[in-house]
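Engineer: Output the structure for:
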Amino acid sequence: MKNIKILLVISFLAITSSLSAQQISKNAIGLRFGDNDGLGAEISYQRHLNQNNRLEFDLGFRSRDNVDAFKLVGLYQWVRPLDGNFNWYLGAGAGVGSYDTPAGNGSFALVAGNVGIEYNFDIPLLISLDVRPELGFDDNYSDDLDFDIALGIRYQF
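Structural biologist: Here you go, the predicted model:
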């Protein structure tokens with residue numbers, strides 16, 4: 001059974017890597033509105049690496065239950081075409097952050113995955129919807145698996 005799963009993953013990666021992606025813009029900057037560990041927004045920047053890959057950096061603020069937190073997350077993403085101006089992407093990365101509670105301050109680290117869909121308008125506008133599971137490493141604020149579901153709006157240049 002384990003060999004079948006490995007074979008399926010290898011087959012999926014081989015098929016998707018053979019597809020040609022539409023052009024990824026050199027840079028995109030905007031906002032990402034999400035909802036893990038409290039509602040918040042992130043300033044999001046994407047940087048083109050090659051035809052199918054890019055880096056994404058998100059600097060955000062979250063607030064929930066008298067806890068305010070800032071975090072910076074970096075992701076490496078693989079971008080693949082779906083249909084027309086639609087792409088899908090997946091990625092992996094890590095991040096760091098700090099939080100302020102009535103009981104005190106602290107910092108945390110996290111590892112993250114990312115999967116989403118985006119639409120590239122004919123004007124320099126990109127809209128996306130994605131899920132970013134984050135596994136945090138801290139005893140107080142972010143010590144479990146959270147799912148950050150977000151809507152992103154970015155200007156491409």
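Engineer: For the chain, name the helix or strand with the lowest mean pLDDT.
Structural biologist: helix 2-18 (a mean of 54; mean pLDDT, DSSP states H and E).
Engineer: what residue lies at the spatial centre of the protein?
Structural biologist: Asn114 (4.6 Å; C-alpha atoms, centre = their mean).
Engineer: Is it correct that it is in contact with Trp88?
Structural biologist: No - contact between Asn114 and Trp88 fails when scored by C-beta atoms under 8 Å: they sit 11.1 Å apart. In this view, the C-beta of every residue, glycine as well, is placed from N, C-alpha and C.
Engineer: Could I get the full set of strands for the protein?
Structural biologist: In the chain, the strands defined using DSSP state E lie at 27-34, 39-50, 53-64, 67-83, 86-101, 104-120, 125-137, 145-156.
Engineer: I'd like those strands as JSON lines, with mean pLDDT appended.
Structural biologist: Below are those laid out as JSON lines (pLDDT from 0 to 100):
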{"stretch": "strand 27-34", "mean pLDDT": "95"}
{"stretch": "strand 39-50", "mean pLDDT": "92"}
{"stretch": "strand 53-64", "mean pLDDT": "91"}
{"stretch": "strand 67-83", "mean pLDDT": "93"}
{"stretch": "strand 86-101", "mean pLDDT": "94"}
{"stretch": "strand 104-120", "mean pLDDT": "94"}
{"stretch": "strand 125-137", "mean pLDDT": "94"}
{"stretch": "strand 145-156", "mean pLDDT": "93"}
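Engineer: Do me a favour and get the end-to-end distance for stretch 112-127?
Structural biologist: Taking C-alpha to C-alpha, to the nearest Å, the first and last residues of stretch 112-127 lie 21 Å apart.
Engineer: how about that stretch: buried residues?
Structural biologist: Ala112, Asn114, Gly116, Glu118, Asn120, Leu126 (16 or more other C-beta atoms under 10 Å).
Engineer: Farthest-apart pair in those residues, please.
Structural biologist: Across the buried residues of stretch 112-127, no pair lies farther apart than Ala112 and Asn120, at 23.3 Å, counting by C-beta to C-beta.
Engineer: Could you measure from Asn53 over to Asp65?
Structural biologist: 38 Å (C-beta to C-beta, to the nearest Å).
Engineer: neighbour-wise, which of these two wins?
Structural biologist: More crowded of Asn53 and Asp65, by other C-beta atoms under 10 Å: Asn53, with 15 against 8.
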